[in-house]
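>>> Pasting the sequence and the predicted model now:
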Amino acid sequence: MWVLLRSGYPLRILLPLRGAWMGRRGLPRSLAPGPPRRRYRKEALPALEAPVLPVTTTEIRQYLRARGIPFQDGHSCLRAPSPFVGASKLKHQTGAASFSLFIDKTTGRFLCMTTLAEGSWEDFQASVEGQGGGAREGVLLSEAPEAEDSEEVRRIWARAIPLWELPESEEAQLARMMFGLTKVTDDTLKRFSVRYLRPARRLVFPWFSPGGLGLRGLKLLGAETQGDGVQYMETTIPRPGAYHNLFGLPLISRRDVEVVLTSRELDSLALNQSTGLPTLALPRGTACLPPALLPYLEQFRRVVLWLGNDLRSWEAAKLFARKLNPKRCSLVRPGDKQPSPLEALNQGLNLSRILRTALPAWHKSIVSFRQLREEVLGELSNVEQAAGVRWSRFPDLNRLLKGHRKGELTVFTGPTGSGKTTFISEYALDLCTQGVNTLWGSFEISNVRLARVMLTQFAVGRLEEQLDKYDEWADRFEDLPLYFMTFHGQQSIRTVIDTMQHAVYVYDICHVVIDNLQFMMGHEQLSTDRIAAQDYIVGAFRKFATDSSCHVTLVIHPRKEDDDKELQTASIFGSAKASQEADNVLILQDRKLVTGPGKRYLQVSKNRFDGDVGVFPLEFNKSSLTFSIPPKSKARLKKIKDDNGLVAKKPSSGKKGAMPQISETCSNQARNPNQPDLSKPSR
Ligand SMILES: Nc1ncnc2c1ncn2[C@@H]1O[C@H](COP(=O)(O)OP(=O)(O)OP(=O)(O)O)[C@@H](O)[C@H]1O
């Protein structure tokens, strides 16, 4: 496989994850050859000083036309004859097969289906323009299947045996029961070449290269009973970021025009067996749909997404349909009578009938309640899930905000140097460890410094004093779905939003953190222009959050105010636009004057979801850089709400540690509202 080095985006990947109990390739240590060691890896996407602007579909089309390259318009890609196929081979390809180069309409990245060459739009242009052979030059080892991986893949595959050939029937029965495969036939397992690794008690799903070019990777699936249910553990080789297997692809015929996409291999087995339809399983379930897979899905006129039986799967299905072109997509809605395909098979339901209930993903801009009623019902009957992902480290935040939801804008403020970056880093890390794909825009502090803070918080302790543990923590940290923009200091909002859009498309980002708005804007504008510019930028982030169904957390410095005053919603720098556009407003209250140094409170002063606002204490732990809630703290969460659901003004007791006065409608007491409290240089 050819993979090229250049990239047009100022985005750097931090790599995918393994647990402490895992070996280098994410396998149990007993399966990983040799002692753990670290390898030097080439930077996957190098940081760019001057970001290249993303290409548009129109520009791609214009370029191809100007160069006289014929092309066909597809659902998510343009198809053209591949410059990577030798003239002799090209002669033998006819019709659609001769258009074997797929160019992603959104990113310009290409894939040649014949040679498996792939690269960026700039690489394609370079190769068309004959700049030193283009694609053939830059082989990126970190993304190409590594020799070591291939060896490991072959070894495990050879040790695994076909499930239906398990000699002891008791063992075979137990394995089938654990994975819910009692109704899946041997024929189905054979068709999909599913094996079983006896020592590790794992199912093994193969990733075959297209065109029967051999085994490219594996997914190992373990199952453990937990209460009434079963918990599945997945391991992939290569690691998740490079595992681009559409399980079931070898069974797809060129003539197939319809496919059902599932989020699990087990679901694909069940669906294919009971409906006879072509089915494919996404490599990382509902976590993401990497654009690298889109060329393989171009041939289908209809794509049905049946990803699971919870709200998260439903959200993912809607997002993936956008990438696939919603006009050809239908979605199976989760529900009691519509569980996941494997469960449906096990419950004796008619899977073809469920598929017929799939709803078109595309509708015009105007909808009637009829189209919304099922969605509303879904939210009402899954209140917990509709409230979003809950924090594991901040239970009080769950009590107030209920969870972290897609498509919302959170504005976060606090006095200079009070610990905003440190807190927001832990707040985002908490979500990221629970599978929320996160993109950081750290304009004030360098990514290295930020990552160091995050890693310390992740390990909940100082790593300086335990460097022998560094690799173990770093390995686990690498596998978080965490990405960083490589911007620093002032940036144009267009470039930042374009990069965010790119990240949503490529990495299915659900949470973007911008730290902070003022550093992104630079210091150049005059004060009145600044407020207008900030309003414009806040509006752009708001629109992005809504349009991309992605949560944006925006750190904004407060105005310069008296140090001894509590901050309020109106203390956010600029006009009222930021707090009006925000769904949530969070304030880090630095109350050192009344409670002593180090004491902080987090105040939720706006909550559009259900109106609950309040404050709760945070205790800073200097060695782990974490803000945990003091276990024996008397000052617990305090909800502040009047009968109308509005934030009430509470009289101050004037006592040490008293709750702050909070008012949404407080007067503007800022000394100079046009001046943000931004007295420090970029770090
Ligand atoms: N509650 C706290 N008590 C004492 N030190 C803290 C506390 N919170 C953070 N710090 C430390 O204070 C320093 C500044 O923290 P941080 O960068 O998070 O503040 P900030 O509010 O983002 O700053 P700025 O206003 O410059 O953006 C860091 O070294 C951090 O470890």
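Happy to help now that I have it. Numbers count the residues shown, from 1 in each chain.
>>> okay, CA-based contacts and neighbour counts for the rest of this
Noted.
>>> and the closest residue to residue 78 other than its chain neighbours, what does it touch?
In space, residue 78 comes closest to residue 103 once its chain neighbours are excluded; the distance is 5.1 Å by C-alpha to C-alpha, 6 or more residues apart in numbering. By C-alpha atoms under 8 Å, 6 or more residues apart in numbering, the residues touching residue 103 are 77-80, 109-111.
>>> can you tell me which two in the residues you listed are farthest apart?
Pairwise distances across the contacts of residue 103 (C-alpha to C-alpha) peak at 12.9 Å, for the pair 80 and 109.
>>> Centre of the chain to the longest helix belonging to the chain, how far?
For the chain, the helix that runs over the most residues, judged by DSSP state H, is helix 527-548. Its chain's C-alpha centre and that of helix 527-548 lie 23 Å apart, by C-alpha atoms, centre = their mean, to the nearest Å.
>>> Identify all contacting residues around that helix.
By C-alpha under 8 Å, 6+ apart, the list of residues contacting helix 527-548 reads 406-409, 493, 497, 501, 504, 517, 521, 550-552, 574-575, 577-578, 581-582, 674-675.
>>> what's downstream of it, the next helix or strand?
Once helix 527-548 ends, the next helix or strand along the chain (criterion: DSSP states H and E) is strand 551-555.
>>> Can you list the strands that that following strand pairs with?
strand 409-413 (parallel), strand 511-515 (parallel) (DSSP bridges).
>>> is the ligand contacted by the first one?
No. Looking at strand 409-413 against the ligand by C-alpha under 6 Å from any ligand atom, there are no contacts, and the closest approach is 8.2 Å.
>>> so that strand versus helix 527-548, what angle?
Inter-element angle recorded for strand 409-413 and helix 527-548: 140 degrees (by axes from the mean of the first three to the mean of the last three C-alpha atoms, to 10 degrees).
>>> If you count contacts, what does the next helix or strand after strand 409-413 end up packed against?
The C-terminal neighbour of strand 409-413 among helices and strands, as given by DSSP H and E, is helix 420-432. Applying 3 or more C-alpha pairs under 8 Å, 6 or more residues apart in numbering; DSSP states H and E, we find helix 420-432 packed against helix 447-459, strand 626-628.
>>> who's in contact with the residue of the stretch 151-300 of the chain at minimum distance from the ligand?
Among the residues of the stretch 151-300 of the chain, residue 287 lies closest to the ligand, at 29.6 Å counting by C-alpha to the nearest ligand atom. For residue 287, the contact set (C-alpha under 8 Å, 6+ apart) comprises 316, 435, 437, 508.
>>> Tabulate the contacts of residue 103 in a markdown table, adding columns for distance to the ligand, secondary structure and pLDDT.
Below are these laid out as a markdown table (distance: C-alpha to the nearest ligand atom, whole Å; DSSP: H, G, I helix; E, B strand; the rest coil; pLDDT from 0 to 100):
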| residue | distance to the ligand | secondary structure | pLDDT |
| --- | --- | --- | --- |
| 77 | 42 | strand | 93 |
| 78 | 44 | strand | 93 |
| 79 | 47 | strand | 93 |
| 80 | 49 | strand | 92 |
| 109 | 37 | coil | 90 |
| 110 | 40 | strand | 91 |
| 111 | 42 | strand | 90 |
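>>> circling back: show the buried residues in the contacts of helix 527-548.
406-409, 493, 501, 504, 517, 521, 550-552, 574-575, 577-578, 581-582, 674-675 (16 or more other C-alpha atoms under 10 Å).
>>> Please name the bridge partners of residue 79.
residue 72, residue 102.
>>> now the residue sitting nearest the centre point of the chain: how far from residue 472?
The C-alpha lying nearest the average C-alpha coordinate of the chain belongs to residue 437 (C-alpha atoms, centre = their mean; 2.5 Å). Look at residue 437 and residue 472: by C-alpha to C-alpha, to the nearest Å, they are 22 Å apart.
>>> For the stretch 351-500 of the chain, which residues score under the pLDDT cut-off?
Within the stretch 351-500 of the chain, the stretches with pLDDT under 70 are 363-375.
>>> Around the ligand, pick out the residues from it.
Going by C-alpha under 6 Å from any ligand atom, the residues of the stretch 351-500 of the chain near the ligand are 416-422.
>>> Widest-spaced pair of the residues you listed?
Maximum pairwise distance among those (C-alpha to C-alpha): 12.1 Å, between 416 and 422.
>>> any weak-confidence spans in this structure?
For the chain (pLDDT under 70), the answer is 1-54, 86-97, 131-148, 211-213, 363-375, 523-528, 561-564, 591-598, 629-683.
>>> Break it down into its domains, please.
2-136, 146-245, 248-386, 405-676 (automatic domain parsing).
>>> any chance of those in TSV, with distance to residue 392 too?
Putting the domains of the chain into TSV (distance: least, C-alpha to C-alpha, whole Å) gives the following:
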stretch	distance to residue 392
domain 2-136	18
domain 146-245	19
domain 248-386	14
domain 405-676	6
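>>> between these, which one is nearest to residue 399?
Short answer: domain 405-676, nearest of the domains of the chain by C-alpha to C-alpha, at 8.4 Å.
>>> Please compute how far that closest one lies from its chain's middle.
In terms of C-alpha atoms, centre = their mean, the centre of domain 405-676 is found 20 Å from the chain centre.
>>> Then stretch 249-268?
24 Å.
>>> What is the end-to-end distance of that stretch?
By C-alpha to C-alpha, the extent of stretch 249-268 from end to end equals 11 Å.
>>> Can you mark which positions in that stretch are buried?
249-250, 258-268.
>>> Which of the residues you listed fall in strands?
Using DSSP state E, the subset of the buried residues of stretch 249-268 located in strands is 258-262.
>>> Wait, residue 487 touches residue 444, no?
No. With contacts counted by C-alpha atoms under 8 Å, residue 487 stays clear of residue 444, the gap being 9.3 Å.
>>> which of the contacts of residue 287 tops the neighbour count?
Per-residue neighbour counts (other C-alpha atoms under 10 Å) across the contacts of residue 287 peak at residue 508, which has 26 neighbours.
>>> what's near enough to touch it?
Residues near residue 508 by C-alpha under 8 Å, 6+ apart: 287-290, 437.
>>> rewinding a little: quick check: of the contacts of residue 287, which lies closest to the ligand?
Nearest to the ligand among these, with distances taken as C-alpha to the nearest ligand atom, is residue 437, at 22.0 Å.
>>> what about residue 492, how many neighbours?
For residue 492, using other C-alpha under 10 Å, the count is 11.
>>> Same check on residue 227?
By other C-alpha under 10 Å, the residues close to residue 227 number 7.
>>> hmm, back to that, among the buried ones among the contacts of helix 527-548, which ones are in helices?
Using DSSP H, the buried ones among the contacts of helix 527-548 in helices are 493, 501, 504, 517, 521, 577-578, 581.
>>> C-terminal to the longest strand belonging to the chain, what's the next element?
For the chain, the strand with the greatest residue count under DSSP E is strand 215-226. Using DSSP H and E, the helix or strand that follows strand 215-226 towards the C-terminus is strand 229-237.
>>> Return the residues in contact with the spatially closest residue to residue 173 that is not a sequence neighbour.
Leaving aside its sequence neighbours, residue 173 sits nearest to residue 182 (C-alpha to C-alpha, 6+ apart; 7.8 Å). The contact partners of residue 182, by C-alpha under 8 Å, 6+ apart, come to 173, 176, 346.
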